[in-house]
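Asker: Just to be clear, the model below is a prediction. Sequence and coordinates:
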Protein chains: 2
Amino acid sequence: MEISKAEFDVLNAIWESFPCSANEIVNRLDNEKNWHEKTVKTLLGRLVKKGAIAFEKDKRRYLYHPLLEKEAYQLTESKSLLDRLFGGRISPLVANFAQQQKLKQDDIDELKKLISDWEKQND
Amino acid sequence: MEISKAEFDVLNAIWESFPCSANEIVNRLDNEKNWHEKTVKTLLGRLVKKGAIAFEKDKRRYLYHPLLEKEAYQLTESKSLLDRLFGGRISPLVANFAQQQKLKQDDIDELKKLISDWEKQND
DNA sequence: TTTATTTGATTACAAGTGTAATCATTAATT
DNA sequence: AATTAATGATTACACTTGTAATCAAATAAA
């Protein structure tokens, strides 16, 4: 399922909290984007058509909710990026960031914790 | 500069080794993709137009080379993914992979090395 | 109940994309 | 020198995307 950039922004707004009405979504996006309400509605329609979200009628309003979960999307997107750009391995990406001085102490701490957890589990 | 999927595949073939002729690129892609020679030529043209690659004439052949370096592209793409999906932090992505049992001992070893290098540098 | 309003559905339209085919130029061959 | 062959440039065309405006249906208001 291909989600376009604009569609993603809408989907992302839905992930924030759902179910939610179109208006709610328009409001959430109003901070970030400068989209006409009609534009958001169009994108909602396209997301429904693609099966990324669904809705239930509540009187004349539709209440939308994701079918595609954020975690699943994160996983396939990051896997796709790693495959395309880093031969499917995660460490080259981290190395890239390290090289560019994009790693902070916090990141290092979290990575260390992840590693020790992993080692506990895989012992 | 927006690089489309198909354009990326061509650019990626060029990164393998350059400068190289259109035919060379067609051959490299022939293993992976099933593209007509004309299709590859079109994509080369679009990449040139976008400023992602350039060429020099060698008789009637053009020899192409990237203007956009792989490392730069890797960095902006992965930064964009992290920003969109993980709040700009790298550890949630690693955590995601860990959770899905996508981390192997090799990855862990490399991550540990990256961390110790980072710590040496930032002491 | 008629009218006004809200909201999703349909339509619009230009730019980008995937996927080539044809045109034109230039180099190689006869 | 004329013809052929190779290769980039131009054109093609349907589908997607960004960005809405208009249409239609249903509900709320008068």
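Answerer: Now that the structure is in, tell me what you want to look at. What you are looking at is a predicted structure, and each value in this text was computed from that prediction instead of being measured. Numbering: from 1, shown residues only, chains lettered A, B, ... in the order given.
Asker: So chain A: which segments form each domain?
Answerer: A:5-66, A:90-123 (automatic domain parsing).
Asker: end to end, how far does stretch A:46-54 reach?
Answerer: By Cα to Cα, to the nearest Å, the extent of stretch A:46-54 from end to end equals 11 Å.
Asker: does that stretch come close to chain B?
Answerer: No: if you take Cβ under 8 Å from any Cβ of the partner chain as the test, stretch A:46-54 misses chain B, and the best it gets is 14.9 Å. Where you see a C-beta, it was placed from the backbone N, CA and C, and this is true even at glycine.
Asker: Just give the number of residues close to residue A:3.
Answerer: 18 (other Cβ atoms under 10 Å in any protein chain shown).
Asker: Distance-wise, check the residue nearest the centre of chain A relative to residue B:87.
Answerer: For chain A, the residue sitting closest to the mean C-alpha position, by Cα atoms, centre = their mean, is residue A:70 at 5.0 Å. Residue A:70 is 12 Å from residue B:87, where distance means Cβ to Cβ, to the nearest Å.
Asker: now swap in residue A:36 and tell me
Answerer: Taking Cβ to Cβ, one finds residue A:36 at 28 Å from residue B:87.
Asker: just residue A:18 next, same as before
Answerer: Taken as Cβ to Cβ, the span from residue A:18 to residue B:87 is 19 Å.
Asker: Quick check on the two: which one has the bigger neighbour count.
Answerer: Just comparing residue A:18 and residue B:87: by other Cβ under 10 Å the higher neighbour count belongs to residue A:18, 14 against 8.
Asker: hang on, the more buried one packs against residue A:66?
Answerer: Yes: under the criterion of Cβ atoms under 8 Å, residue A:18 makes contact with residue A:66 at 6.3 Å.
Asker: The residue nearest to the centre of chain A - nearest residue in space that isn't next to it in sequence?
Answerer: residue A:15 (4.6 Å; Cβ to Cβ, 6 or more residues apart in numbering or on different chains).
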